[in-house]
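In: quick one, structure for this:
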Amino acid sequence: MSWLDKFTPDCMEKDISAYPPQFFLNKSIDRVVFDLDNTIAPYDKALPDEKAIAYIRSLQGAGIEVMLVSNNEKERVDVFNEGLGLFAVHKAGKPGIKGIQACLEQSKNKGKAAFVGDQIFTDCLAARRAGLPCFLVDPIQPKESLFFKLKRLGEKPFVRRYKRKAAKNRQ
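Out: Numbering: from 1, shown residues only. Model prediction:
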């Protein structure tokens, strides 16, 4: 895998609903590690909304194990996950892979795993370093800080690379 591939997702969609259970099952994926903030819920939402709960339950109903990995604090992750009961790792240190590895090690399913997130430099790179396919979504609530604006600007060449590869594969 080239260094460019480490920053290029396998798929990019608007939100998690674009990845229904059948999407994963068609790829023989039976466990999915999700980033929490800006992937499943906005940073400022303490609890999952009904749409997020229904989505997670639909994956579980199809036999897909769902886990959470977040760089956020323990309290944030625990409060969000309280009603979901998922295996969750806080302060995961992405793009490091220890949080993803912890999920995979405790996983009941032992088939193919995947990662879903919203950022190229943390989520996509972490997934690639862990040997997983990476499926990205648009951030739910784009942060307006200068740091995040610069980070998203830096992602643009990799987004263009993904779009070129996707267009080529459709031909």
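In: which strands and helices lie in contact with the top helix by length along the chain?
Out: When the chain is parsed with DSSP state H, its longest helix is helix 146-170. In terms of contacts (3 or more CB pairs under 8 Å, 6 or more residues apart in numbering; DSSP states H and E), helix 146-170 is packed against strand 11-13. Glycine gets a C-beta too; all of them are placed from N, C-alpha and C.
In: now tell me what touches stretch 93-107 from outside.
Out: Residues from elsewhere that reach stretch 93-107 (CB atoms under 8 Å, 6 or more residues apart in numbering): 31, 33, 35, 65, 67, 69-71, 87, 89, 91-92, 113, 115, 121-123, 125-127, 129-130, 132.
In: before we move on, the earlier item: go through the longest helix of the chain and flag the buried ones.
Out: By 16 or more other CB atoms under 10 Å, the buried positions in helix 146-170 come out as Arg152, Glu155, Phe158, Val159, Tyr162.
In: quick check: the last one touching Pro9?
Out: Yes. Shown here, Tyr162 and Pro9 form a contact pair, counting by CB atoms under 8 Å, at 5.7 Å.
In: pLDDT score for Asp44?
Out: Among the per-residue scores, Asp44 holds a pLDDT of 89.
In: and the gap between it and Arg76?
Out: 10 Å (CB to CB, to the nearest Å).
In: what's the PyMOL line that selects buried ones from the contacts of stretch 93-107?
Out: To isolate the buried members of the contacts of stretch 93-107 in PyMOL, using 16+ other CB under 10 Å:
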select buried, resi 31+33+35+65+67+69+70+71+87+89+92+113+115+122+123+125+126+127+130+132
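In: what sits opposite Asp35 in the beta ladder?
Out: Val69 (DSSP bridges).
In: residues in contact with it?
Out: Leu68, Val69, Ser70, Lys94, Phe115, Val116, Gly117, Asp118, Gln119, Thr122, Asp123.
In: looking at these, spot the one nearest Phe24.
Out: Val116 (9.5 Å; CB to CB).
In: element containing the closest one, please.
Out: Element membership for Val116 (DSSP states H and E) is strand 112-117.
In: quick one: average pLDDT of the helix or strand that that strand is followed by?
Out: Per DSSP H and E, strand 112-117 leads on to helix 125-129 as the next helix or strand towards the C-terminus. Averaged across helix 125-129, the pLDDT comes to 97.
In: in its sheet, what does the helix or strand following helix 125-129 sit against?
Out: Using DSSP H and E, the helix or strand that follows helix 125-129 towards the C-terminus is strand 134-137. Strand 134-137 has the following sheet partners, assigned by DSSP bridges: strand 11-13 (parallel), strand 112-117 (parallel).
In: deepest in the core, which of those is it.
Out: strand 112-117 (a mean of 23; mean count of other CB atoms under 10 Å).
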